[in-house]
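Trainee: Next comes the sequence, and after it the predicted model I'd like to discuss.
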Number of protein chains: 2
Amino acid sequence: MFESAEIGHAIDKKTYEAAEPALREALLEAQYELRQQARFPVIILINGIEGAGKGETVKLLNEWMDPRLIRVETFDLQTDEELAHPPEWRYWRQLPAKGRIGVFFGNWYSQMLQNRVNGRTKDAQLDQSINRALRLERMLCDEGALIFKFWFHLSRHHMQARLKSLADDPLHNWRLSPLDWQQSKTYDRFVHHGERILRRSSRDYAPWYVIEGVDPYYRSLTTGRILLQGLQAALQSGRGATPAPHAAPLVASPDNRSLLNSLDLTQVLSKDHYKAQLATEQARLAHLMRDKRMRRQALVAVFEGNDAAGKGGAIRRVTGALDPRQYRIVPIAAPTDEELAQPYLWRFWRHVPARGKFTIFDRSWYGRVLVERVEGLCAQADWLRAYGEINDFEESLVEHGVVLVKFWLSIDKDTQYQRFKEREATPFKRFKITEEDWRNREKWDAYVEAVEDMVDRTSTEIAPWTLVEANDKRFARVKVLRTINDALEAAFNKNNQPRPCGLHRDGTGRLVRTHS
Amino acid sequence: MFESAEIGHAIDKKTYEAAEPALREALLEAQYELRQQARFPVIILINGIEGAGKGETVKLLNEWMDPRLIRVETFDLQTDEELAHPPEWRYWRQLPAKGRIGVFFGNWYSQMLQNRVNGRTKDAQLDQSINRALRLERMLCDEGALIFKFWFHLSRHHMQARLKSLADDPLHNWRLSPLDWQQSKTYDRFVHHGERILRRSSRDYAPWYVIEGVDPYYRSLTTGRILLQGLQAALQSGRGATPAPHAAPLVASPDNRSLLNSLDLTQVLSKDHYKAQLATEQARLAHLMRDKRMRRQALVAVFEGNDAAGKGGAIRRVTGALDPRQYRIVPIAAPTDEELAQPYLWRFWRHVPARGKFTIFDRSWYGRVLVERVEGLCAQADWLRAYGEINDFEESLVEHGVVLVKFWLSIDKDTQYQRFKEREATPFKRFKITEEDWRNREKWDAYVEAVEDMVDRTSTEIAPWTLVEANDKRFARVKVLRTINDALEAAFNKNNQPRPCGLHRDGTGRLVRTHS
C-alpha cells in the first residue's frame, strides 16, 4: 500500500510553478460548478504520518480554493459539548452541505489509529471502529457525497529527517502530537495498523489515496490533481445521479516516477553465480517444503508480468527441485462456461491449496484489474470493486495459514521487442507469440497504469507484491526463488512460537482465543 | 425484530390446501424461468430457533421445486478436507451456479451464533464475523446473486412445548443439537445474540425475513410466498442488470394476523383510574428526571401514529409534569432547504440531546419508511436502505447512553373517522384536519403495511417499538408515560453497577476497556 509512496517522489520548483496556476484555476472552476449544481457535498479526509505535510496541504487547499465554499474542521480533543453527545455527533454537525467542501483534519480514522497504536484497543475493536466508519461513509455516499481519503506518507528515513528539521525550526518546534514520533517503534506501529485501516476501508465508493509527502511540490500537485479529476468526473456524471465511484485510475504521477520505472532493470547475474545460487535456493525450497512445519501452512505463488517477461521459465525453476506431487500449476486463461456461471473469485477459490500444499498461479485473480480493465472486458464498476474483494480474499487465505507471494515480472519495452522477435525466429518458440501479443504491446502505457494501481491498492503487509527486475532472466529466477524461500521461512518462524492455548474456530472458522 | 413472529400466526389446513397448488406451480415456473435466463444464482440461508421448522421447510422446498435445479447444502462439522482449507472454502465450493438455487442449512451465521452463545467469542469477535459475512454477501450481490435470509422463530413458550412434543416422538427424539435447548437460558442467549446478528446484517441487498414457526401451514405458505415474490421481482428486472434489492415489502401475512391487528384496542381506563395513574406516572417521571443518574443518560422519545391517534395529547401529558428547561419538543414537518442540502439523518442528528436532556420527536426519522415510502416521496432504494441506516443511527445513540423509546399510537379506522368528524365540527380543532388527512386515510392499508415492515425491521432489543392501543386516549397516555418511566428506571439500574475501571474512548469515541 505504501510502496509507491516511499520512492522519493519529487518535482522541481520550475515544473511546479509552471503547472500550479492552471491547476488552481481548474479547481476554482470546479468549485463554482459544484456550488452551481449544489447536487452533492465533498468530504476530504486528511490522515497520515506526522511531518508528511498534512497541515501544509490543508493550508494550501484553503489558499487555492474559494474559502467561502470550503471549510476546514479540525477534530482534536472533544469539547464538553461534544463529549455530552454521541461520538458521531461532532462529525454530523460539521458536514458540508450540498455544493460545499469540508476538509476533515483529525477525523474518525485518526482517533481509532491513535488508540490502537497506544495499545488502548485491540484488533477486534479496531475492526469494529473501521466498520462503523465504513457504514457511515457508505451512507454518506448513498446520499450522494463525494469522499476523498488522503494518506500522506513518509518512509521512516524521511520521517526522521523531517522531524529533525522541524525540531530545529523555531516556528514549528512547539508542535505537539499525541504520539511520540521520536520513537521508531511508534512509526512501525503506526504504519502497521494504518495499513490495516487502509486495507479494510479502501472501498470503491470511498478509496484511499496514498501520497508521498517528502517533497512539497510533488505532494501539492498530486493532491490537487486527484481532487480535480475526482471532482470533474462527479460533476460530469448525470444530474440527479449519485456521483460515480472514483477509486482509480490514480492520476499519473507529475514527476513521472513510479514503482515500475524505479526498478533497476540493469541488474544481472553471471552464469556461474546463477548456477550456484539457483542450486542453493532450489535445495532450500525442497528442504522447506519437506519441513514438518509445512503441514500447518500452504503456499500460493502468483505470477503476473509483462508478456515475454519469463514467467514460464521462472515457474519451471521453482518447480525444478520439487516432487510433482508437492505442487500444482494452475494456468489462468479465459474462464470456462462453468466458471462464467459463478462469481468472479470462484475460479480461484476452487484451486486454493489445502494445508501442506503448494499452488502456482500462472496469471491469477489480478486479471480483472489488469487485462479485463485495460481491454474493457468488464465494467469499470466491476474492476473498481475488485481491489477490495481481492484484499478480502487474500486476507482469508493468509489468516488460514496460506503463505502468499505475488510476483510482477517486469521488463522494459525494448527487451520485450527483442524477445518477441527472437520467438518469431525460433521454430519451437513460435507458438508463444501471437498477433495478440503485438496488440497488447500497443497498450503498454495503459498496462503500466493498471499495474501501478494494482500494486498501490493490493500490496498489503499480509500479501505484498514483489516486483522482479526481469530483463535478466537469471537474476529474476533467483530473486523469485529466494523470495518464496524467505517468505516460507518467515512464516515458519512466526508460527514456531507456542500457540496460546484455548484457541478455537469462530463463526467463519477462524482461530480466535477462547474465553472460558 | 421478533415481535411479529411471536403472535401465534396460524392458518387452517383447508386454507393451506387451497393455496398450496397455485404457489407450487408458480414457484416451479419461476424456477424454470430462472434456469432459462441463467442470469443469477439464488442463495437461501436457513437459520433460527431449534424446533421452529427449519428442517421441515428445507424438506418442503425440495418437494415443491424441481430437485435437479435446487441443492441443499448442510454445513455442519467441517470435514477433514474443509478443515485443511480456509473457512470460506466450504461455502465457495457449494455455491449455486447462475440459474440454480442453493439452500444453505447451517451456514456462516449458525456457527458464529453458536460460538457466541457458548461464550467462546465476545461481541467484538461476533461483529468481526458479521462483517466478514456482510462483505461476502455484498460481493455475491454485486456479482448478481439473489440472497434470502430466513430466521424461523418461536416464542420461548412455543419452543418449550415443541421440544416436549419432539422428545415424546420416537421419530425425532434422537436429534441432537450443539446447544442445550432444554435450558431456558440458552433460548435467551440465542435470541439476544441472534438479534444482534439480524440487526447488523439485515441490509437492503440481503435482508432477513423472520417467520414464526409454530404453525407449519403458516410457516410454509409464508416462506413460499416470500421466495416467489423475490424471485419474480428479480426475474422481471432488466436482463443483464443486477437483480434489484428485495428487502421489503414483506408479503402480506396469509393468516391476516399482524402485530397491529393483534392489539386489543378495546382497552380503556376509567376517568378515576386515569387521574390517579396519570398523577403517579407524572410524579415518577419528574422524579426520575431529577435523579442524579440522569446526568449520565439522555432521553429520546419518538412519537409516531395514525392521524388523530392523539400524539399531541400524549406528548402534553408527558411534558405536563416537567420544567420546560428539561425537555425540548421537535416537531418534524417537511425538511427545510438547509436540511435538504444534507444527508437524510442530518436533521435528526442536530436535535440529538446532550447528556441529562430529554428530546421529544413529534414524528421522526421514521418518516422515510412511512410517509415518504407510501407517498412515493423518495426512491424505493432509498427507503429500503433506510432500515439499516436507522438501526445504525439508533445504535450510536444507545451506545452513548441515550434511552430511546419509540411509540406507535394505533387507532382503528372507525375511531379515526369519528375523530376527523369531531375535529371538523369543533371550531378550535378545525385547523387540525385538512384535505390531506382525508387523502392519507385512503391509503390506510399501505400505511399498515409500512408500519408492520418498520416494526419488523427496526424494533430492536436496544431500541424497541412500543405499540400503544390508542382508541382510548386515557389508556394510551398512561401507557406512554409508564413506558418512558420503566425505560429510564431500567437504564438507571443497569448503569448503577460499578463501571469496570480502565475505560476509555475508542476511535469513534465509544467507551471500551483499556488493555494496559
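Mentor: Arrived safely.
Trainee: helix/strand/coil for the residue nearest the centre of chain A?
Mentor: Residue closest to the average C-alpha location in chain A (C-alpha atoms, centre = their mean): residue A:457, at 2.5 Å. Secondary structure, DSSP: H, G, I helix; E, B strand; the rest coil: residue A:457 is helix.
Trainee: and it, what pLDDT?
Mentor: On pLDDT, residue A:457 comes in at 89.
Trainee: now it: how far from residue A:184?
Mentor: Remark: distance between residue A:457 and residue A:184 (C-beta to C-beta, to the nearest Å) = 27 Å. In this view, the C-beta of every residue, glycine as well, is placed from N, C-alpha and C.
Trainee: what does residue A:207 give?
Mentor: Separation of residue A:207 from residue A:184 (C-beta to C-beta): 29 Å.
Trainee: cool, residue A:202 as well?
Mentor: The value you get for residue A:202 to residue A:184, if C-beta to C-beta is used, is 26 Å.
Trainee: Which residue would be the closest one in the stretch 51-200 of chain A to chain B?
Mentor: In the stretch 51-200 of chain A, the residue that lies nearest chain B is residue A:112 (2.1 Å; C-beta to the nearest C-beta).
Trainee: What strand or helix carries that residue?
Mentor: Using DSSP states H and E, residue A:112 maps to helix A:108-117.
Trainee: helices and strands around that helix, which ones?
Mentor: For helix A:108-117, the elements it packs on are strand A:42-48, helix A:123-142, helix A:184-201, strand B:503-505, judged by 3 or more C-beta pairs under 8 Å, 6 or more residues apart in numbering or on different chains; DSSP states H and E.
Trainee: and the residue nearest to residue A:194 when sequence neighbours are not counted, how many neighbours?
Mentor: Distance criterion C-beta to C-beta, 6 or more residues apart in numbering or on different chains; nearest residue to residue A:194, sequence neighbours excluded, is residue A:113 at 6.0 Å. Close neighbours of residue A:113, defined as other C-beta atoms under 10 Å in any protein chain shown, add up to 24.
Trainee: I'd say the residue of the stretch 51-200 of chain A closest to chain B and residue A:121 touch.
Mentor: Yes - between residue A:112 and residue A:121 there is a contact under C-beta atoms under 8 Å: 7.4 Å.
Trainee: follow-up on the earlier one: state the distance from the residue of the stretch 51-200 of chain A closest to chain B to residue A:125.
Mentor: Counting by C-beta to C-beta, the gap from residue A:112 to residue A:125 is 8 Å.
Trainee: Kindly report the same for residue A:68.
Mentor: Per C-beta to C-beta, residue A:68 is found 40 Å from residue A:125.
Trainee: coming back round to it: neighbour count: residue A:202 and residue A:184, which is higher?
Mentor: A count of neighbours by other C-beta under 10 Å puts residue A:202 above the other of residue A:202 and residue A:184, at 23 against 11.
Trainee: Skipping its backbone neighbours, what lies nearest the more buried one in space?
Mentor: Leaving out its chain neighbours, the residue that sits closest to residue A:202 by C-beta to C-beta, 6+ apart is residue A:208, at 4.5 Å.
Trainee: who's in contact with residue A:386?
Mentor: Shown in contact with residue A:386 (C-beta atoms under 8 Å, 6 or more residues apart in numbering or on different chains): A:344, A:368, A:369.
Trainee: of all the residues you listed, which comes closest to chain B?
Mentor: Among the contacts of residue A:386, and counting by C-beta to the nearest C-beta, the member closest to chain B is residue A:344, at 6.4 Å.
Trainee: In contact with the nearest residue to residue A:126 once chain neighbours are set aside, which residues are there?
Mentor: Of all residues not flanking residue A:126 in the chain, residue A:116 sits nearest, at 4.8 Å (C-beta to C-beta, 6+ apart). For residue A:116, the contacting residues are A:122, A:123, A:125, A:126, A:189, A:193, B:507, by C-beta under 8 Å, 6+ apart.
Trainee: Just the terminal-to-terminal distance for stretch A:316-324.
Mentor: 11 Å (C-alpha to C-alpha, to the nearest Å).
Trainee: Would you mind listing the outside residues contacting it?
Mentor: Residues from elsewhere that reach stretch A:316-324, judged by C-beta under 8 Å, 6+ apart: A:278, A:282-283, A:285-286, A:289, A:301, A:327, A:329, A:358, A:360, A:477, A:480-481, A:484.
Trainee: would residue A:407 count as being in a strand?
Mentor: Yes - under three-state DSSP, residue A:407 falls within a strand.
Trainee: Torsion angles phi and psi at residue A:325?
Mentor: phi -80, psi -10 (degrees, to the nearest 10).
Trainee: For residue A:356, see how far away it is.
Mentor: 11 Å.
Trainee: If you count surrounding residues, which of these two has more?
Mentor: residue A:356 (16 against 7).
Trainee: Great, nothing more from me.
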